[in-house]
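K.L.:
Below are the sequence and a predicted model for it; my questions follow.
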Amino acid sequence: MSIELLGKIYSFCLFWSCGCLLELEDRLKLQQFIQKKYSSVLDLPEIPPNSADTFYEYYVDIENRSWGHWRERVPEWTYPPDRDPEFSSIIIPTVDNVRTEFMMDLIAKQGKPVLLIGEPGTAKTVTVQKYLAKLNPDVHLSKQVAFSSATTPMVLQRTVESFVDKRMGTTYGPPSGKKMTIFIDDVNMPEINTWGDQVTAEILRQLIEAQGFYSLDRPGDWATIVDLQFIGAMMHPGGGRNDIPSRLKRQFTVFNCTIPSDSSTDRIFGTILEGHFAPTRGFAPEIVELAKKLAPVTRRLWQMTKTKMLPTPAKFHYIFNLRDLSRIVQGMIKAVPEAIPTPANLINLWEHEASRVLPDRFIVDSDTQWFRKAVHQVVNEELGEELAEEVKTPSMFVDFMRDPPEIEDPDQPEPDESQYKIYEKVPELETVRERLHEMMQSFNESIRGANMDLVFFEDAIKHIIRISRIIRTPKGSGVLVGVGGSGKQSLTRLAAFIAKSQVFQITISKTYNMTNLLEDIKIMYKHAGLQGKSATFIFTDNEIKEESFLGVINNILTSGEIAGLFPKDEVIAITAEMRTDMKNEKPDLPDTQENLWQFFIDRVQKNLHIILCFSPVGDAFRSRSLKFPALIGGCTLDWFSSWPTDALQAVATKFLSSMNIVCSP
């Protein structure tokens, strides 16, 4: 290796060792300091004048023995022209995630743990998942664990033990002599005890440092666990979020993930929108042109909302991150050409999706009114007055207005849902009201003992549309927040029936405990995973007998895996049943035990929709949201405000109209 190349590598390592924790503005300060003090002795990249780049946009090109720009390493990604890929599997390469992935790989190849820190929405989890997906499954496995405040040392130890097999004596390791990377998300979430200790974090430190645990089954016996690699992710401490102990922190090489630039964000979501609304799919040219402009418009609206609607103790859930942009775009790519014939229809769809993701969590009407004005302002400035007029009135899009085609031959398979589940705009509220009455009648006829009798006033219809959208979205889950009696469960049951989703709900008793909950969840997993059918799990705050119940829900919403849910003999039986389905859906994937199990978990996550029904009264909802981050981050929020006067009048009219009331003169 030449002295010249070694000098470049030294400079690169200097940036990333001294500046790996810095934010963008601090990286610039470090760069200016190095340029001022050491430019004569260090081999630094030449940055063009008037460029916004810093040293962190450059890497050492070993082959050419020169500095290269990270954008040269960003591969092209093309949206499939013939199909819509599974949205959660779409990862658009950018300078940010390619650079972070390279740094992770550089450290992980040395067998050292890596920790990514950053604000919500900086793609920490997605970047790690993308990196893990590139590992060769024949020699290197991966597992994901999500920490919450309910993650105890025993939960962590049992989880890790479920990932490994016995090798010899008291030595354990991943199956078949392979290596395994365990990704621990939200590593700072476990509670700090009375003495200021995070015991779960200390057990993790022991596992990394000493490579083992003391056995829980045979006290005093030491179990050595080998061939494990660790990657962690956490948000910045502060604002009610814990830090991790220094003894654990020192085990990791820490990288700070900065907020993606506007151009990176526009590229990510613009690529998806342009790929879906393409002429090859039958969309009109004016639709294609408008779709190209929607990514920066969406990003700007999101930034305005994030800046204006700051979290407070009463509005603690006003947390906006890049997941919100993902949900808006995911809703838009449900559109088909026949439902979006004009640019006006497309901007109506965009307004509907933005309104479902951002303002549905608002708790006061003034916040919603501000958002309506912001939508009009952004569209007017970016797309012109004509389209701005289209978004003045809120639009509604649903996919349950059409009946399935009649089957004449009983042996004929059921028609594909894509033939009649068309996501389209409804012209007026009355049309939806009539359709919902039909659906409610079908619900009562098809479910024995059902006697649903709802009054479909305007707010109730809007909530059904929101819940239906959540259940019809793959991996969609929601949190419905409203006082008791506001109709959360009844509307969810009807929305699930409309979406042809099986409803599950636990029955609480004096003896109901964690074991019973896990047995109920096993039934849901088999329905959603083995049978591949949609399932809706309604879980209310009255059913939380133990806070650890929410720890299980948190795991389902993040990784989908619950340690020890199925014993090993059941896992073998499940994977054997999944083999045919995986061969049909993913013929290129080897049917190994690990791949079959991951296919089962992926299908569970896709088909199992969790609808949490919480009350805003008291501090319980706020404290639980802080302890279990997936309740907010992994769900779409729908805030049930108190019923307006016209709703109360509609209910009163409905029930009093059948009564023979005689008034004295």
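P.N.:
Nice, thanks for sending it over.

K.L.:
and Phe33, what helix or strand is that in?
P.N.:
Secondary-structure assignment from DSSP states H and E places Phe33 in helix 24-38.

K.L.:
Mind listing residues that contact whatever helix or strand comes next after that helix?
P.N.:
Per DSSP H and E, the first helix or strand lying C-terminal to helix 24-38 is strand 58-61. Strand 58-61 has contacts (CB atoms under 8 Å, 6 or more residues apart in numbering) with Leu5, Lys8, Ile9, Phe12, Pro45, Trp67, Gly68, His69, Trp70, Arg73, Arg99, Phe102. For glycine as for every other residue, the C-beta is placed from the backbone atoms N, C-alpha and C.

K.L.:
and Gly560, what is it in contact with?
P.N.:
Residues in contact with Gly560 (CB under 8 Å, 6+ apart) are Ile601, Asp602, Val604, Gln605.

K.L.:
Distance check, the last one against Met168.
P.N.:
Going back to what we said before, that points to Gln605. From Gln605 across to Met168, the span is 36 Å (CB to CB, to the nearest Å).

K.L.:
So which of the two has more stuff around it?
P.N.:
Neighbours were counted for Gln605 and for Met168 using other CB atoms under 10 Å; Gln605 has more, 21 against 7.

K.L.:
Now the more buried one: which helix or strand?
P.N.:
helix 593-607.

K.L.:
now the helices for the stretch 51-200 of the chain?
P.N.:
Using DSSP state H, counting those that start in this stretch, the helices of the stretch 51-200 of the chain run over 95-108, 124-133, 153-163, 199-210.

K.L.:
angle of the longest one against helix 124-133?
P.N.:
Taking axes from the mean of the first three to the mean of the last three CA atoms, to 10 degrees, one finds helix 95-108 and helix 124-133 inclined to each other by 60 degrees.

K.L.:
Mind listing residues that contact the helix or strand bottoming out on mean pLDDT in the chain?
P.N.:
Between all helices and strands in the chain, the lowest mean by mean pLDDT, DSSP states H and E belongs to helix 645-656, at a mean of 76. Applying CB under 8 Å, 6+ apart, the contact partners of helix 645-656 are Val455, Phe457, Glu458, Asp459, Ala460, Trp643.

K.L.:
Stretch 262-279 too?
P.N.:
Contacts of stretch 262-279 (CB under 8 Å, 6+ apart): 77-81, 84, 90, 92, 94-96, 260, 283, 285, 287-288, 291-292, 294-296, 298-299, 322, 325-326, 329, 332-333, 335, 340, 346.

K.L.:
Put the buried members of those residues into a PyMOL selection.
P.N.:
Remark: buried members of the contacts of stretch 262-279, expressed as a PyMOL selection using 16 or more other CB atoms under 10 Å:
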select buried, resi 79+90+92+94+95+96+260+283+287+288+291+294+295+296+298+299+322+325+326+329+332+333+335+340+346
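
K.L.:
rewinding a little: quick check: of the contacts of Gly560, which lies closest to Ser142?
P.N.:
Nearest to Ser142 among the contacts of Gly560, counting by CB to CB, is Ile601 at 12.4 Å.

K.L.:
Run a quick neighbour tally on that closest one.
P.N.:
Neighbours of Ile601 under the rule other CB under 10 Å: 17.

K.L.:
so how far is Arg624 from it?
P.N.:
25 Å.

K.L.:
Where does pLDDT dip in this protein?
P.N.:
Along the chain, the model assigns pLDDT under 70 to residues 239, 408-415, 418, 663-665.

K.L.:
thinking again about what came up before, any chance you could list what contacts the helix holding Gln605?
P.N.:
Contact partners of helix 593-607, identified using CB under 8 Å, 6+ apart, comprise 86, 137, 141, 175, 474-475, 525, 528-530, 532-535, 556, 559-561, 571-572, 574-576, 578-579, 581-582, 585-586, 589.

K.L.:
can I have stretch 631-646 written out in CSV, keeping just the CAs?
P.N.:
Provided in CSV are the C-alpha atoms of stretch 631-646 (Å, rounded to 0.1, in the frame of the first residue of the first chain):
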residue,chain,number,x,y,z
LEU,A,631,-48.0,2.2,19.6
ILE,A,632,-47.4,5.5,17.9
GLY,A,633,-44.7,4.8,15.4
GLY,A,634,-46.1,1.5,14.1
CYS,A,635,-49.8,2.5,13.9
THR,A,636,-52.0,5.1,12.2
LEU,A,637,-53.8,7.2,14.8
ASP,A,638,-57.5,8.1,14.6
TRP,A,639,-58.7,10.5,17.3
PHE,A,640,-62.4,10.2,18.1
SER,A,641,-63.6,13.7,19.1
SER,A,642,-66.8,14.2,21.1
TRP,A,643,-69.9,13.6,18.9
PRO,A,644,-71.2,16.9,17.4
THR,A,645,-74.8,18.1,17.9
ASP,A,646,-76.0,16.8,14.6
